[in-house]
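> below are the sequence and a predicted model; questions follow.
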Amino acid sequence: MTGAPSTATDRAPWDLAFLRVGTLVSAVATAVAAPVAGVLGGWGSAVAVLVGAATVIGFFVVSGVVIAWAGGIDDAFALPAALGTFLVKLLVLFALLGSLPEDGWLDRLVLAWTVIAGALLWSGVQMRWVWTRQVFYVPPPAAPADTRAGGPDDGAPDPARPASER
């Protein structure tokens, strides 16, 4: 199916409100996980949870903004932007984890598991967001105009209403 390219006025806007919800859920989970990790593994584990959570939040915020920006230009740019951003995020994450010394004070294993858990948490937030929101993938239709002369309350019977309700 081919057609004229869509313009910014006939497309639904890109909604980034899920970023606020994801950040809030991540902050609550981090507020619980960091002290627990600190008690179980020491300061290095608690800081690893904080660094991991900040990394995940930053990655998802950057992805959301980049994808919305690219999709705002043209919807066809959203997927390449998502894939490119994902590749860059993977490279940054591998560089971050690889740059940490194995015997350093920051617990690399806790950091890695925090990133995994945070990514799964954000994925769950995004899935729930999509499932519970009325998201239009095409512009919603305009409301039908009232074509009767006197409007809806002109006293004339409405042919669309059943006779029992007239």
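Everything's here; your move.

> which residues are in contact with Ala76?
By Cβ atoms under 8 Å, 6 or more residues apart in numbering, the contact list for Ala76 is empty. Quick note: C-beta positions are derived from backbone N, CA and C, even for glycine.

> quick one: Val66 and Ala29, what's the gap?
Distance, Val66 to Ala29, using Cβ to Cβ, to the nearest Å: 24 Å.

> report all helices and strands that the longest helix along the chain contacts.
Criterion DSSP state H: the longest helix present in the chain is helix 43-73. Packing partners of helix 43-73 (3 or more Cβ pairs under 8 Å, 6 or more residues apart in numbering; DSSP states H and E): helix 18-41, helix 78-99, helix 108-132.

> make a markdown table out of those and add distance to Val56.
Shown next, in a markdown table, are those (distance: least, Cβ to Cβ, whole Å):
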| stretch | distance to Val56 |
| --- | --- |
| helix 18-41 | 7 |
| helix 78-99 | 10 |
| helix 108-132 | 3 |
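
> turn those helices into TSV, including distance to Ala48, mean neighbour count and mean pLDDT.
As requested, the helices and strands packed on helix 43-73 are arranged in TSV below (distance: least, Cβ to Cβ, whole Å; neighbours: other Cβ atoms under 10 Å; pLDDT from 0 to 100):
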stretch	distance to Ala48	mean neighbour count	mean pLDDT
helix 18-41	7	15	94
helix 78-99	11	13	90
helix 108-132	4	16	91
